[in-house]
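Colleague: Have a look; sequence and predicted model below, questions after that.
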Amino acid sequence: MEMRQVLASELERMMTENENIVVIDADLAKPNGVVNLREKFPERAFDVGIAEQNMASIAAGMSSYGFTPFITTFTPFATRRICDQVAISCAYAKQNVKIIGSDPGISAEFNGGTHMSMEDIGVLRSIPEVVIFEPVDAVQFKAALPALTAYHGVVYIRMFRKVIDDIFPADYKFEMFKASPIQEGKDVTIFTSGIMTQETMIANETLKAEGISAEIINIHTIKPIDREAVVASAKKTGAVVTAENHNVIGGLKSAVCEVLMEEYPVPLRAVGVQDQFGQVGKMNYLKEVYQMRAQDIVKAVKEVLALKK
């Protein structure tokens, strides 16, 4: 199932059960999968046009009257374009707004550099009290949405729009603010998020064949990060690799490093966008350009293991 289908079906279910949930989009309801909600909930599903700052301000206002607004648009317009509204109208004012940013990082593909946000986590991670969540697959996304909706505050959901291979089993249990272990290991820890989790699992096959035991942990909530899980695994393996579909500045790598530098420094390497803008291309091509393939994760693991020795 496409991730946007999960979003639409869960929103429909929750809107049926809770008349305070509203959905506001900025001319991208069809690409984000929520266009049919307008027919089913004409008084609670709105399109404000290409006016994202207005969308965020409307959401903040509706929240102040007891509604739970979801706002949806492409990732760069859900973060850098509305940064001030998120900071002041939403977070500072302690409003209850859920932000769906779709097509994160290289998954924007042919929308190109202007629509390809490599810095969105970094933009919002520096705003106090903003929760940042990035689902790995449809199973995790469906399990997490009710909990994220029930949480009172600003939540940014970094959503891959289309079909992606499931990593987690059907009976997966989501726990707020707690990392999701995927595999235990003893030689190195790979902290991974979003679509790079699938790439990490491909890399793991090569590592296993070469006798390298990798502990793989999905950091779905990058803020607040699960400090306990990060430190415990670093102590166990003594070497860390991060893999993210984001600039290595400001995202998962930065969050992990901030924890480890204070608690338990270990050798670390990062796979992700190396402080570059986006460009047009299919995902496989862009993974090659930005060195975000399974083989790049394997290379990073070997580098960090050499430092460990």
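Modeller: Now that the structure is in, tell me what you want to look at. Numbers count the residues shown, from 1 in each chain.
Colleague: C-alpha only now, for contacts and for neighbours.
Modeller: Will do.
Colleague: Phi, psi for residue 156 please.
Modeller: phi -100, psi 120 (degrees, to the nearest 10).
Colleague: Who is it paired with across the strands?
Modeller: Counting by DSSP bridges, residue 156 is bridged to residue 99, residue 132.
Colleague: Just the pLDDT at it, thanks.
Modeller: What the model reports for residue 156 is a pLDDT of 98.
Colleague: Could you check how many residues crowd around it?
Modeller: 29 (other C-alpha atoms under 10 Å).
Colleague: Quickly note the distance from the nearest residue to residue 267 once chain neighbours are set aside to residue 102.
Modeller: For residue 267, ignoring the flanking residues on the chain, the nearest one in space by C-alpha to C-alpha, 6 or more residues apart in numbering is residue 239 at 5.2 Å. Residue 239 sits 32 Å away from residue 102, going by C-alpha to C-alpha, to the nearest Å.
Colleague: before we move on, what about residue 241?
Modeller: 25 Å.
Colleague: Helices along the chain, start to end?
Modeller: With helices called from DSSP state H, the chain shows them at 3-17, 37-40, 52-64, 75-78, 83-84, 120-125, 138-150, 196-209, 227-237, 252-263, 283-289, 294-308.
Colleague: What are the contacting residues of the fourth one?
Modeller: Counting by C-alpha atoms under 8 Å, 6 or more residues apart in numbering, the neighbours of helix 75-78 from elsewhere in the structure are 52, 72, 99-104, 115-117, 120, 158.
Colleague: For ChimeraX, what selects the buried ones among those?
Modeller: A single ChimeraX command suffices to select whichever of those are buried according to 16 or more other C-alpha atoms under 10 Å:
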select :52,72,99,100,101,102,103,104,115,116,117,120,158
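Colleague: Out of the contacts of helix 75-78, which is nearest to residue 205?
Modeller: residue 104 (26.0 Å; C-alpha to C-alpha).
Colleague: so that closest one touches residue 158, yeah?
Modeller: Yes - counting by C-alpha atoms under 8 Å, residue 158 is a contact partner of residue 104 at 6.3 Å.
Colleague: Counting neighbours, which bits of stretch 54-62 end up buried?
Modeller: 55-62.
Colleague: Just give the number of residues close to the nearest residue to residue 178 once chain neighbours are set aside.
Modeller: Of all residues not flanking residue 178 in the chain, residue 226 sits nearest, at 5.5 Å (C-alpha to C-alpha, 6+ apart). Per other C-alpha under 10 Å, the neighbour tally for residue 226 reads 20.
Colleague: Contact partners for residue 226?
Modeller: 177-179, 219.
Colleague: Quick check: the gap between it and residue 217.
Modeller: The value you get for residue 226 to residue 217, if C-alpha to C-alpha is used, is 11 Å.
Colleague: Give me the common contacts of the two.
Modeller: Residues touching both residue 226 and residue 217 (C-alpha under 8 Å, 6+ apart) are residue 179.
Colleague: How about residues contacting stretch 192-212?
Modeller: So stretch 192-212 is contacted by 134-137, 160, 164-165, 167, 187, 190, 213-214, 216-220, 242-245, 252, 292-295, 297-298 (C-alpha under 8 Å, 6+ apart).
Colleague: now the residues you listed: which count as buried?
Modeller: Looks like those have 134-137, 160, 167, 187, 190, 213-214, 216-220, 242-245, 252, 292-295, 297-298 buried, using 16+ other C-alpha under 10 Å.
Colleague: The contacts of stretch 192-212 in strands, which ones?
Modeller: 190, 214, 216-218, 242-245 (DSSP state E).
Colleague: Output those in a markdown table; the columns should cover pLDDT and distance to residue 148.
Modeller: Shown next, in a markdown table, are the ones in strands among the contacts of stretch 192-212 (pLDDT from 0 to 100; distance: C-alpha to C-alpha, whole Å):
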| residue | pLDDT | distance to residue 148 |
| --- | --- | --- |
| 190 | 98 | 25 |
| 214 | 98 | 30 |
| 216 | 98 | 24 |
| 217 | 98 | 20 |
| 218 | 98 | 17 |
| 242 | 98 | 24 |
| 243 | 98 | 24 |
| 244 | 98 | 21 |
| 245 | 98 | 22 |
